[in-house]
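Enquirer: Here is my input, please return the structure:
(one chain, ligands or ions: 1)
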Amino acid sequence: MVDVLRAKSMPQAGGGHGELRRARPAAVLWLVYAGAAAVLALWWFDTPSVSGLGDWLTVAGRITGLLAGYAMVVLIALMSRTPPLERGVGTDRLSRWHAMGGRYAVGLTMAHGLLITWGYAVTSHTNIVHQGVVLVLSYPDVLAATVAGLLLLGIGVVSARATRARLRYETWYYLHFYTYLAVALAFSHQFSTGADFINNLPARILWSALYVAVGVLLLWYRILTPIRQALRHRLRVEHVYAEGPRVVSIVMSGRHLEELETEPGQFFRWRFLTRESWWAANPFSLSAPAAPGGLRITVKDLGEHSHQLIYLKPGTKVAAEGPYGAFTAGLRRRRKVLLLGGGVGITPLRTLFETLEGAPGEVLMMYRASRESDVLFRPELDAIAAARGTRVHYLIGARRSGGPNPLSARRLTAAVPDLAERDIYLCGPPGMTAEAIRGLRAAGVRPRQIHHESFEF
Ligand SMILES: Cc1cc2nc3c(=O)[nH]c(=O)nc-3n(C[C@H](O)[C@H](O)[C@H](O)COP(=O)(O)OP(=O)(O)OC[C@H]3O[C@@H](n4cnc5c(N)ncnc54)[C@H](O)[C@@H]3O)c2cc1C
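Expert: Model (predicted):
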């Protein structure tokens, strides 16, 4: 079936010419900062004078509140799965920004509540607890916002690394949906009690437009687009076959797949519509270039959901959301490339190895595996390498065997002497990628040359 996929493989989208729209990460960050500056300007022009401790605290509370409200929309927009963001910034980087921004948003929200209450307490010569009770009981919108703040704090705690590690992925994921409830609950208090909005109609209109725009992105890309794709492409499982120990390849057929404009290196979130697994949408990269009638993924049994996929029956309906991710030819800045994979992280690299343009020797592959039997796609990789006039460097050996580190600068440079002149595409388990980054950096490869896809959000 792989041969069938390959024989019919369609022109690949985004073959390095940047014809698909991609947001540049730096531009996205500047836009976010510019928005924050505009929020501060709103406060600045609305604040004639500040006098006394109570005033200063209240003003600090207003600034943190405005920034928290702004941060919430930005955080949601980052996760809206808007294609130019997904293709240009990439899902894992967006997730990192989201996680980091989430900490600021929770911190700003807590600071906002505390500073405003404290400021009012100082101005009205009462204590902060009494003032807090008065605010919550006198203003229903403030009560709703307080509940929202507590919800956000709870989500922040659940997302902290130590707590998250103890939760099932799905539990953590679905708890996150309470963010939307928190945003809805907090919205009205901004206009009914927010000094920057009460008498400023244009500000209210712009602020609402921001929230509505992000709401529309969410509705469109996270709900309507996946439903439309499922109905249009009618994906079904064709074959499931063993690819290695606890690893299967799943080949799917469907209609109009060229409309997806899938780029080699990208992934989808796959929902297999069986009784056991319809509720989970897990990310898996394509392990072969997309063909007009078929897509292939290769899955390692690493947990409850991936284990069930081994038993999928031909004919099972599939809903695929995507394509997502920026681990594509779009990242390439140099003619010379090294694809460096470990374990099941080879999947997106195998697709890139087949499709990246390059003269013999320009596109090389290194593949790290603990044992010979763990090497996936060996015949396919060797055939692609032969067609490219090169060969794959297999780095085989158990992690803790006590032998020399195959990812040390010396070993990497011995295998690929012009390493420092190459773009590196890296994908593998966290320990292996950390080791590889150390070796690459010691070999003179600069951070901006290393393009890393993480299999963990
Ligand atoms: C961009 C990307 C591409 C990937 N490509 C492949 C691939 O080609 N082949 C392959 O075998 N694996 C791939 N993975 C990893 C794969 O998604 C996880 O191994 C799988 O989802 C584990 O789910 P589980 O229920 O079996 O295990 P669990 O025990 O439930 O989860 C194990 C870990 O997998 C991650 N995970 C679980 N569910 C999700 C989810 N819905 N979204 C994001 N992360 C999740 C979490 O980090 C979790 O801690 C990829 C992951 C990412 C992020």
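Enquirer: contacts, neighbours, all on C-alpha from now
Expert: OK.
Enquirer: Run a quick neighbour tally on A320.
Expert: Per other C-alpha atoms under 10 Å, the neighbour tally for A320 reads 22.
Enquirer: Okay, and the beta partners of it?
Expert: In this structure, A320 bridges to W270 when assessed by DSSP bridges.
Enquirer: Tell me who's in contact with it.
Expert: 226, 229-230, 235, 268-271 (C-alpha atoms under 8 Å, 6 or more residues apart in numbering).
Enquirer: Tell me how far the residue nearest to the spatial centre of the chain lies from H452.
Expert: For the chain, the residue sitting closest to the mean C-alpha position, by C-alpha atoms, centre = their mean, is T91 at 2.4 Å. Relative to H452, T91 is positioned 12 Å away (C-alpha to C-alpha, to the nearest Å).
Enquirer: Same question for G52.
Expert: 51 Å.
Enquirer: if you count what's nearby, which of those two comes out ahead?
Expert: Relative neighbour count places H452 above the other of G52 and H452, with 18 against 10, counting by other C-alpha under 10 Å.
Enquirer: Counting by contacts, list what the strand or helix carrying that one packs against.
Expert: Using DSSP states H and E, the element containing H452 is strand 450-453. Secondary-structure packing of strand 450-453 (3 or more C-alpha pairs under 8 Å, 6 or more residues apart in numbering; DSSP states H and E): strand 423-427.
Enquirer: Return the residues of this structure in contact with the ligand.
Expert: By C-alpha under 6 Å from any ligand atom, the part of the chain that sits against the ligand consists of 169, 267, 281-285, 298-300, 302-307, 344, 347, 455-457.
Enquirer: Among those residues, name the buried ones.
Expert: Using 16 or more other C-alpha atoms under 10 Å as the burial test, the residues of the chain next to the ligand include 267, 281-285, 298-300, 306-307, 344, 347 as buried.
Enquirer: Looking only at residue counts, what's the top strand in this protein?
Expert: strand 235-244 (DSSP state E).
Enquirer: Check which residues of that strand are buried.
Expert: 235-240, 243-244.
Enquirer: Where does the residue lying farthest from the centre of the chain fall, secondary structure wise?
Expert: Largest separation from the mean C-alpha position in the chain: H125, at 48.0 Å (C-alpha atoms, centre = their mean). Assigning secondary structure by DSSP H and E places H125 outside every helix and strand.
Enquirer: What pLDDT is listed against it?
Expert: With respect to pLDDT, H125 scores 93.
Enquirer: ok, now L352?
Expert: At L352, pLDDT is 98.
Enquirer: if I pick it, what's in contact with it?
Expert: By C-alpha under 8 Å, 6+ apart, the residues touching L352 are 264-265, 328-329.
Enquirer: Using PDB, write down the CA coordinates of the helix or strand in which L349 is found.
Expert: Using DSSP H and E, L349 sits in helix 346-355. In PDB, the C-alpha atoms belonging to helix 346-355 read as follows (Å, rounded to 0.1, in the frame of the first residue of the first chain):
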ATOM      1  CA  ILE A 346      11.000   9.100  12.400                       C
ATOM      2  CA  THR A 347       7.400   9.400  11.000                       C
ATOM      3  CA  PRO A 348       7.500  13.100   9.800                       C
ATOM      4  CA  LEU A 349      11.100  12.800   8.900                       C
ATOM      5  CA  ARG A 350      10.500   9.800   6.600                       C
ATOM      6  CA  THR A 351       8.000  11.900   4.700                       C
ATOM      7  CA  LEU A 352      10.300  14.900   4.500                       C
ATOM      8  CA  PHE A 353      13.200  12.500   3.400                       C
ATOM      9  CA  GLU A 354      11.100  11.500   0.400                       C
ATOM     10  CA  THR A 355       9.900  15.000  -0.600                       C
END
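Enquirer: report the angle between the axes of that helix and strand 423-427?
Expert: Our comparison of helix 346-355 with strand 423-427, counting by axes from the mean of the first three to the mean of the last three C-alpha atoms, to 10 degrees, yields an angle of 140 degrees.
Enquirer: C-terminal to helix 346-355, what's the next element?
Expert: Immediately after helix 346-355, counting by DSSP H and E, sits strand 363-369.
Enquirer: burial count for V133?
Expert: Neighbour tally, V133, other C-alpha under 10 Å: 12.
Enquirer: and the helix or strand hosting it, how far out from the chain's middle?
Expert: V133 is part of helix 128-138 when elements are defined by DSSP H and E. Helix 128-138 has its C-alpha centroid displaced from the chain centroid by 40 Å (C-alpha atoms, centre = their mean, to the nearest Å).
Enquirer: Point out the other helices and strands that it packs with.
Expert: Packed against helix 128-138 by the contact rule (3+ C-alpha pairs under 8 Å, 6+ apart) you find helix 91-123, helix 140-159.
Enquirer: Now that helix: buried residues?
Expert: For helix 128-138, the neighbour count (16+ other C-alpha under 10 Å) marks 128, 131-132, 135-136 as buried.
Enquirer: Could you do stretch 373-385 as well?
Expert: Result for stretch 373-385 [16+ other C-alpha under 10 Å]: buried residues 374-378, 381, 383-385.
Enquirer: Could I get those residues in CSV, plus columns for pLDDT and secondary structure?
Expert: Output for the buried residues of stretch 373-385, formatted as CSV (pLDDT from 0 to 100; DSSP: H, G, I helix; E, B strand; the rest coil):
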residue, pLDDT, secondary structure
D374, 94, helix
V375, 96, coil
L376, 96, coil
F377, 97, coil
R378, 96, helix
L381, 97, helix
A383, 97, helix
I384, 97, helix
A385, 97, helix
